[in-house]
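Chemist: Test case, fold it:
(4 chains)
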2 protein chains.
Amino acid sequence: MARGESRERILDAAERLFAEKGVGGASLREIGSAAEANAGSIYFHWKVKAELVRDVFRRRLEPLDAERMQRLAAAERESAPAPASLEAVLDALIAPMFALVERGERGGAAFLRLLGRTYNEPDRSLVRMLHRDHGATVERFRDALGRALPELSREQLAVRFHFALGALAHTLASDASWQLVVGRRPGSRSQWLRELMPFLVAGFGAPPASPRSERGAA
Amino acid sequence: MARGESRERILDAAERLFAEKGVGGASLREIGSAAEANAGSIYFHWKVKAELVRDVFRRRLEPLDAERMQRLAAAERESAPAPASLEAVLDALIAPMFALVERGERGGAAFLRLLGRTYNEPDRSLVRMLHRDHGATVERFRDALGRALPELSREQLAVRFHFALGALAHTLASDASWQLVVGRRPGSRSQWLRELMPFLVAGFGAPPASPRSERGAA
DNA sequence: GTCTATACCACGATAGAC
DNA sequence: GTCTATCGTGGTATAGAC
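Modeler: Presented below is the predicted three-dimensional model:
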């Protein structure tokens, strides 16, 4: 093979196989052969597997986070001095992901599946790595949501943010589980975004649970 | 060790380790030693690992699904001839899970983490197995939701059900990712249920997305 | 019914030729 | 910069003693 270009081919193959089989389930051997490179030569570019994993995420998340931050800042400028609306904040968080696919970026769809799956990865070190590299973005958005929803306590907000990320992650990762629930193939990803947005907006805006409501349940 | 009892001990250990490290990440060797049994003796009870996995799920899901069905039927009887309300249907689906923990059932919490994680497992055969064994319950609830929300198209309903299961699965599976978003430990599981319910009810009840709303987004 | 011993294979990682 | 060869580890699964 030619020189210097194998690094990108390996990253592409790793991204695809991590999304398909999970980070732990994809071996360096098959990544190598999918990249039409040799498993051994991965160790020229990265010392250990974890470094390859880190770079697979970095390559996508750095521009993604930048776009999110930029959209959020723009939304806040537009609505100033009032805080950005709930819709605007969620849009800044989510739209760049779907844009990745709409744009037809090579491997973008695979990366979204991978990202959605990662929040529930068994391997803690993976989540820790994401937190280290991109936790600032999460905090920035949580604060913006807090300003958009001043009636929620800090805790209620955090919990709802958690639910929202769950719905989002599940949607991004869905392929097999999709058919279990819906019974047919999904439409376009932008269709999903249009459906997800009102669901999340309504959920965030719901009246808070009363602290003790014994409603037949648990 | 004594006779006949190792089967249950192995199931307990497998449940715990699958929840902790994922089905693929937990080895039969460590399951055996955690159960104070021998890895080899697992093969007396099950032919291959997949069969052990199936039984770990079955042991919990059969009574769980039965309780769900029963609660749903009760809710429908109560509200007849009107369909059961959205809240009642969601409660029948979700409350039995949390009840498993409230009841203090040994290993119940671990199983919920495992279940939540499973929808996003890389291994397709796992999701397929769940579908085969418990798909009927999912369909039953989807239909009940459809009767509670007649204004939604079949497709919109299915998509929102998907979002709701995502939020639920994420909540069940959350341990590491929780701290990333919220920054501290969760309260009791029943507290979670009380918070999740209004979020889902509002999300399901949201006005449907207009079929073509070019809203700055993707 | 449970154990030990082991076959066999794929994994991550290293060394060194080219 | 990329390849082949190989090491040690640990995975699933089997055979057979007890």
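Chemist: In chain A, where's the longest helix?
Modeler: Longest helix of chain A, by residue count under DSSP state H: helix A:49-79.
Chemist: Helix or strand: which one has A:Leu93?
Modeler: In this assignment (DSSP states H and E), A:Leu93 forms part of helix A:86-102.
Chemist: Give me the angle between that helix and helix A:49-79.
Modeler: 130 degrees (axes from the mean of the first three to the mean of the last three C-alpha atoms, to 10 degrees).
Chemist: what's the average pLDDT for the following helix or strand past helix A:86-102?
Modeler: Where DSSP H and E defines the elements, the next helix or strand beyond helix A:86-102 is helix A:108-118. Mean pLDDT, helix A:108-118: 90.
Chemist: pretty sure A:Ala167 is touching B:Phe163, no?
Modeler: Yes - here A:Ala167 reaches B:Phe163: they are 4.2 Å apart, a contact under C-beta atoms under 8 Å. C-beta coordinates here come from the backbone N, C-alpha and C atoms, glycine included.
Chemist: Now the common contact residues for these two.
Modeler: By C-beta atoms under 8 Å, 6 or more residues apart in numbering or on different chains, A:Ala167 and B:Phe163 have these common neighbours: A:196, A:199, B:203.
Chemist: list the buried ones in the helix holding A:Leu93?
Modeler: Judged by neighbour count (16 or more other C-beta atoms under 10 Å in any protein chain shown), helix A:86-102 contains these buried residues: A:86-102.
Chemist: lowest-confidence helix or strand of chain A?
Modeler: helix A:176-181 (a mean of 51; mean pLDDT, DSSP states H and E).
Chemist: Distance from the chain centre to the helix or strand hosting A:Gly146, please.
Modeler: With elements taken from DSSP H and E, the one containing A:Gly146 is helix A:124-148. Chain-centre distance of helix A:124-148: 11 Å, with C-alpha atoms, centre = their mean, to the nearest Å.
Chemist: List the buried residues of the next helix or strand after that helix.
Modeler: The helix or strand immediately downstream of helix A:124-148 is helix A:154-173, counting by DSSP H and E. Buried residues in helix A:154-173, defined by neighbour count with 16+ other C-beta under 10 Å: A:156-173.
Chemist: Those: which ones sit near DNA strand D?
Modeler: Counting by C-beta under 7 Å from any atom of the strand, nothing from those sits close to DNA strand D.
Chemist: Can you give me the domain assignment for chain A?
Modeler: Following the assignment in automatic domain parsing, chain A carries domains at A:1-45, A:60-205.
Chemist: In TSV: the ones you listed, plus distance to B:Asp143.
Modeler: Below are those laid out as TSV (distance: least, C-beta to C-beta, whole Å):
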stretch	distance to B:Asp143
domain A:1-45	32
domain A:60-205	12
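Chemist: Leaving out the residues flanking it, which one is nearest to the most centrally placed residue in chain A?
Modeler: A centroid search over chain A (C-alpha atoms, centre = their mean) returns A:Leu115, at 4.5 Å, as the residue closest to the centre. Distances taken as C-beta to C-beta, 6 or more residues apart in numbering or on different chains place A:Leu172 nearest to A:Leu115, at 6.0 Å, with adjacent residues excluded.
Chemist: I'd guessed the one you found sits against A:Arg113; true?
Modeler: Yes - contact criterion C-beta under 8 Å: A:Leu172 and A:Arg113 qualify, at 6.3 Å.
Chemist: circling back: determine the set of other helices and strands touching whatever helix or strand comes next after the least confident helix or strand of chain A.
Modeler: Once the chain leaves helix A:176-181, the next helix or strand it forms, by DSSP H and E, is helix A:189-205. Contacts defined by 3 or more C-beta pairs under 8 Å, 6 or more residues apart in numbering or on different chains; DSSP states H and E place helix A:189-205 against helix A:86-102, helix A:154-173, helix B:154-173, helix B:189-205.
Chemist: Fine, thanks again, bye for now.
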